[in-house]
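Q: Need a 3D model of the sequence below.
(one chain, ligands or ions: 2)
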Amino acid sequence: MSSPARPSAVKAVDFGPFIAGSETERRVVAEQIIESFQQIGFVYLTNHGIPQHKIDAMFAWSRNLFGQPMEVKQLAPHPPSGAHHRGYSAPGREAVPKRTRNGDVLEKEVSPVQRDIKESFEAGREDDSVMPNIWFPDGVLPGFKEACLDFYWTCNDAKTLILSALALGLKLPDDYFIPSHSKADNQLRLLHYPSIPAETLADKDASRIPSHSDYGCITLLMQDDVGGLEVEDPNMPGTFLPVPPIPGSIVVNAADFLSRWSNDTIKSTVHRVRAPTSASGTQIPDRYSIPYFCSPDFNTVVDCIPSTWSEDRPKKYIPTSSCRRTLARNMILDGKSRRDYDEVFSFLVRTDLVTCIRNLFVQRFDPGKLASGVPLAEMLNLRRIKIVGAHFFSTADFQQGVVRQLENCHNLRELEYINLDIRVTLPHDELPILGLQTLRWCDNGNLRPAFFSLCAASFSTLICLRVRTEMPISEHGQYLQLFNIRFPHLEVFEIGPGSYSISGPVPPGLVVICQQLAQGFSRFLIAHSTIKALTLKHNDDVSQEAYILFDENLLSSTVLPNLESLKAYPSQITQFISVKANFFRTLLSLSIRESMQGDMERVLQVMFRKLQELKDSVGPLGLRHLVLAFNDNRHDCRQLCKRWLDTCADVFPLLETYTGETFRSPTMFNEFPHFQHLRLISCAVRHKKWRSQHAQAIGENCPSLEKIESFRRKRIFDVIQEFSLGKLTVRTSSRDGEDIDTEDEFSFYDDFSDDASNDSDAEWDLIGTDSEDDDTGDLE
Ligand SMILES: O=C(O)CCC(=O)C(=O)O
Ligand SMILES: [Fe+2]
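A: Numbering: from 1, shown residues only. Ligands and ions are numbered 1, 2, ... in the order given. Okay, here's the model as predicted:
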């Protein structure tokens, strides 16, 4: 930190007299800070009270941390949920939306997502239950956690002093902001911008971190001597002024909450990091910085300070809190519990919270109650939409209106469960949802042309496609159309049920149709070698598996070379084995589900025999996770189960987790010792008593076992549906409010999750459905 001080548009204030001076000196310092905050939202503080040796030590830790190999850094991974800001984020993990100020309004720029060229580590207070810290395992970077926490509290002390100065400068009692910041809901962030070629930052729109304002109340920023931080000139929007490092000083800037609090007398100025003005040569050096974001306590409602508003200068903001702003990320339109949507929307628009919405959940919603419609087009940061219930799309006009608005949702990544009935055709070029990665379509009738529009418009970015339709087989042409689209990046594909129930022999006409479908589907699979997870579903009550059979003549042994997870029916598994599909060697998760086919027992026998043959020809398989969902009502169930378990133990000796049906007799557990690596058993059970009666027996028979989970038997199919690639989750929550054995949800096997598609802000679980305590509706 040795570079000479360069002049900056931002004032430098000596904070020393505030800490140790007279009342008059304190007031002078406070007024200087407020003056700078009102002019430009930034100020440099010298003699700020954070010992230089602690700052230096934190930078040394930061260099040490970011210098570690990626495998080490990933040992404390930032959760996929963007709402949980803790732990390590790899370069490109975060994308800060670019924001610019237009008059008084902060606008988020609707530019295509730009992934930031930086890596970071984030920590909060250790006792934060909303966002628990994520540290490295014991023995990795020893001392790092303690150093972070010590620095955290040192910065918090400085924060308290600076907030007192702000209060004094605003002519308030100096402890005005203290009660609302008593929890220290702050965030320490270590930032590393790796060295990059100068040309990468040469473009005027390129930056190390794009222009943005900070979320909290104030930010204390420590930067190394590289420079590049810039603040927008509030008098000349679009013009940025350098905020170069000044040795011995920290930068303090006002953030959004302070601007609301002060009724915009203080501005949370937009800032960014670009190439340093002094940069020369072809390579921009690494840059390290340490922002410390200070926020009001999560539940504190911030209202405009009385002296900042009057009849002439009315309040620009209504009261809100971190908690409410966070909740505004998850917007629920529940037709059952919500009445006046217009009021909710006008609140969101007035308080510029519309752009906070990331997840929109709609159910049982009647647009007739809403004069203005859902302002999807204003939800610029919408990432997920999940719609349940056809009322939402009750008229064709409304349907088209809503779907067209999606065009503006450039950040939309997931569109789920559109249980709708669009008959209007949407031409491809009218609906370019360019970044859509997940499309989940649930349809009560035929596939609609609109579905193909959505697919085709986003086909180059789609990595997950789930289609569920009750289409009669006679409508097969629609499926053939789907099977003709090519998705170059498809990783997750789920299809079904496509039911067709007939009793007796299949009519000749249908045989031809079934053959066409089998061929179409086989070709589709062959063309999609990127698929990692394949799910083939159908209804429990169908007697035919028509379209989801493959054409074995077309399938080759190299079909689906990247498959890691397969959920299918015994007959389909048998088909894959018959073509000697290679993927069985790389398969990690297999879910076999019995259907109610006529001679199921025989189908199962064939499948298990084929599995045994497979093992004989290629040797034991490396499968780690197995789900067997079989009906145990048949008379010789016990014998069958025993045989199946024997076969499974033989074919899949490396099995770590097993989910299965009820075992009626405790002696069944004698079979589990076959599985030397089994760590977890999940079983469907009939009675709560089950666990206490039998858990011990299993534990005794299977020494490697770490966990047993049980759930009600009728839930097993739900559970199986929860298995998904990347996050193998078994969920036991009850859909219809039924009392169940355990509310636990556990997830494991997270190896695939390190991809940007998981960069979601909140799990759907957070959203709830009938919750009365979400905050979007009860604000004024
Ligand atoms: O790295 C910097 O200097 C600024 C970082 C920043 O503005 C932020 O993380 O919000
Ligand atoms: Fe910032």
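Q: alpha carbons only for contacts and neighbour counts from here, please
A: OK.
Q: Where does pLDDT dip in the stretch 651-780 of the chain?
A: Across the stretch 651-780 of the chain, the stretches falling below the confidence threshold (pLDDT under 70) are 661-673, 683-701, 703, 707-780.
Q: in this structure, which helix has the most residues?
A: In the chain, ranked by residue count with DSSP state H as the criterion, the top helix is helix 144-169.
Q: ok, now which ones touch Pro653?
A: By Cα atoms under 8 Å, 6 or more residues apart in numbering, the contact list for Pro653 reads 620-623, 675-677.
Q: Using CSV, please lay out those residues together with secondary structure.
A: Compiled in CSV, the contacts of Pro653 are given as follows (DSSP: H, G, I helix; E, B strand; the rest coil):
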residue, secondary structure
Pro620, coil
Leu621, coil
Gly622, coil
Leu623, coil
Phe675, coil
Gln676, coil
His677, coil
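Q: got a markdown table for those, with distance to ligand 1 and neighbour count too?
A: Supplementary listing: the contacts of Pro653 in a markdown table, determined by distance: Cα to the nearest ligand atom, whole Å; neighbours: other Cα atoms under 10 Å:
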| residue | distance to ligand 1 | neighbour count |
| --- | --- | --- |
| Pro620 | 50 | 18 |
| Leu621 | 47 | 20 |
| Gly622 | 44 | 17 |
| Leu623 | 43 | 23 |
| Phe675 | 49 | 24 |
| Gln676 | 48 | 16 |
| His677 | 44 | 17 |
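Q: Now do the end-to-end distance for stretch 128-138.
A: Stretch 128-138 has its terminal residues 20 Å apart, counting by Cα to Cα, to the nearest Å.
Q: Identify each buried residue in that stretch, please.
A: Using 16 or more other Cα atoms under 10 Å as the test for burial, stretch 128-138 gives 131-136.
Q: Phi and psi next, for Leu655.
A: Taking degrees, to the nearest 10, you get phi -50, psi 130 for the backbone angles of Leu655.
Q: Could you count how many residues lie near it?
A: Other residues near Leu655 come to 23 when the count uses other Cα atoms under 10 Å.
Q: go on, the one 3 residues further on?
A: Here the neighbour count serves as a burial measure; for Tyr658 (other Cα under 10 Å) it reads 21.
Q: Tell me which strands whichever helix or strand it is part of pairs with, and in which orientation.
A: Remark: Tyr658 resides in strand 657-660, with elements defined by DSSP states H and E. Its sheet considered, strand 657-660 pairs with strand 625-629 (parallel), strand 680-685 (parallel) by DSSP bridges.
Q: For the stretch 201-350 of the chain, just list every one of the strands.
A: If you assign secondary structure with DSSP state E, counting those that start in this stretch, the strands in the stretch 201-350 of the chain sit at 209-212, 218-223, 229-232, 240-242, 249-254, 271-273, 283-284, 287-294, 330-334.
Q: Out of those, the one nearest Arg27 is which?
A: Comparing the strands of the stretch 201-350 of the chain against Arg27 with Cα to Cα, the closest turns out to be strand 249-254 (18.0 Å).
Q: Can you give the strand pairings for the closest one, parallel or anti for each?
A: Based on DSSP bridges, the strands next to strand 249-254 in the sheet, each with its direction, are strand 42-46 (antiparallel), strand 218-223 (antiparallel).
Q: Can you tell me what sits against it?
A: Contacts of strand 249-254 with the rest of the structure, by Cα under 8 Å, 6+ apart, involve 37, 41-48, 214, 217-223, 266-269.
Q: overlap between those and the residues near ligand 1?
A: Taking Cα under 6 Å from any ligand atom as the test, ligand 1 is in contact with 214, 223 out of the contacts of strand 249-254.
Q: Would you mind writing the ChimeraX command to select the buried ones in the contacts of strand 249-254?
A: Buried subset of the contacts of strand 249-254, written as a ChimeraX selection, criterion 16+ other Cα under 10 Å:
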select :37,41,42,43,44,45,46,47,48,214,217,218,219,220,221,222,223,266,267,268,269
